[in-house]
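J.: One predicted model, sequence on top.
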Amino acid sequence: GAVVSQHPSRVICKSGTSVKIECRSLDFQATTMFWYRQFPKQSLMLMATSNEGSKATYEQGVEKDKFLINHASLTLSTLTVTSAHPEDSSFYICSARKDITGQGRGEQYFGPGTRLTVT
Amino acid sequence: GENVEQHPSTLSVQEGDSAVIKCTYSDSASNYFPWYKQELGKGPQLIIDIRSNVGEKKDQRIAVTLNKTAKHFSLHITETQPEDSAVYFCAYLFSGGYNKLIFGAGTRLAVHP
């Protein structure tokens, strides 16, 4: 299998607070994980690429000091939205790329998403 | 460049009919083309993928074709069922930089009983 979990599934926070979202690959190793943001009825927008043991690579226009990414192990990446504002409300989805080994060929699997609402 | 066009944006079919979604990409060096299905409120699910060394791949009612010369790839769903209703995204692996997937805008498929 190739299961990616995400926690929490839904979170409501007040403006100015920080929120942490966890992404785990449950049954495979993922040196590389990705964080996406999705607005209603739109495609996936890549925010950053997270590599285990090194700094994340952010897409143009994404504030690295606002969206903190930590990829501490081969199965866990976290996204922290700092000083959240209502405009940060969105559906955040993580994805993990299966390492190229005897069982993996680099396929990318997605988590179930986290619905963030900032009030 | 990083671009993929996906058509149609919406598709409505009767149960049992076939559905075809087409994508055109711009990166001629790309060699990996996955398709994802996303149901409402959920994350995308990888349903099939194809690599550039083959022209067609089939998995039960789902098939994908790839024409590297024309830079086209398509998803074919046969004998559609209501549970096939979802948004489908094509993607390709951008060969430059950090090996990231470039996604199409999505196709909203509705299968009517």
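T.: Okay, I see it.
J.: Got the phi and psi for the residue nearest to residue B:68 when sequence neighbours are not counted?
T.: Sequence neighbours aside, residue B:52 is the residue nearest to residue B:68 in space, at 5.7 Å (criterion: CB to CB, 6 or more residues apart in numbering or on different chains). All C-beta atoms are positioned from the backbone trio N, CA, C, and that covers glycine. When read as degrees, to the nearest 10, the backbone of residue B:52 gives phi -70, psi -10.
J.: for residue A:87, same thing?
T.: Backbone torsions of residue A:87, given as degrees, to the nearest 10, read phi -70, psi -10.
J.: and the helix or strand bottoming out on mean pLDDT in chain B, how far out from the chain's middle?
T.: Least confident element among the helices and strands of chain B, by mean pLDDT, DSSP states H and E: strand B:101-103 (a mean of 93). Its chain's C-alpha centre and that of strand B:101-103 lie 11 Å apart, by CA atoms, centre = their mean, to the nearest Å.
J.: how about that strand: buried residues?
T.: Of the residues in strand B:101-103, B:101, B:102, B:103 count as buried by neighbour count, 16 or more other CB atoms under 10 Å in any protein chain shown.
J.: The helix or strand following that strand pairs with which strands, parallel or anti?
T.: Taking DSSP states H and E as the definition, the helix or strand that follows strand B:101-103 towards the C-terminus is strand B:107-112. If you go by DSSP bridges, strand B:107-112 pairs up with strand B:10-14 (parallel), strand B:86-93 (antiparallel).
J.: Of all these, which one is nearest residue A:21?
T.: Set against residue A:21 and scored by CB to CB, the strands paired with strand B:107-112 come closest in strand B:86-93, at 21.3 Å.
J.: Show me which residues of chain A are close to chain B?
T.: Contacts of chain A with chain B, taken as CB under 8 Å from any CB of the partner chain, map to A:2, A:4, A:6, A:32, A:34, A:42-44, A:46, A:49, A:57, A:93, A:106-113, A:115.
J.: What subset of these is buried?
T.: Buried subset of those (neighbour count, 16+ other CB under 10 Å): A:2, A:4, A:6, A:32, A:34, A:43-44, A:46, A:49, A:57, A:93, A:108-113.
J.: Would you agree residue B:64 is in contact with residue B:50?
T.: Yes - with contact defined as CB atoms under 8 Å, residue B:64 and residue B:50 form a contacting pair (4.7 Å).
J.: sorry, back to before: neighbours around the residue nearest to residue B:68, how many?
T.: Residue B:52 has 15 neighbours, counted by other CB atoms under 10 Å in any protein chain shown.
J.: Next up, the contacts around it.
T.: By CB atoms under 8 Å, 6 or more residues apart in numbering or on different chains, the residues touching residue B:52 are B:30, B:31, B:32, B:33, B:66, B:68.
J.: Out of these, flag the one nearest to chain A.
T.: Within the contacts of residue B:52, proximity to chain A (CB to the nearest CB) peaks at residue B:32, which comes in at 7.1 Å.
J.: what bridges to that closest one?
T.: If you apply DSSP bridges, the partners that residue B:32 bridges to are residue B:51.
J.: On the three-state scheme, whatever residue of chain B ends up closest to chain A is what?
T.: For chain B, the nearest residue to chain A under the criterion CB to the nearest CB is residue B:43, separated by 4.0 Å. Recorded secondary structure, residue B:43: coil (DSSP: H, G, I helix; E, B strand; the rest coil).
J.: Chain A: strands as residue ranges?
T.: Taking DSSP state E, the strands of chain A run over residues A:4-7, A:10-13, A:19-25, A:32-38, A:44-51, A:57-58, A:67-73, A:76-81, A:90-97, A:108-110, A:114-118.
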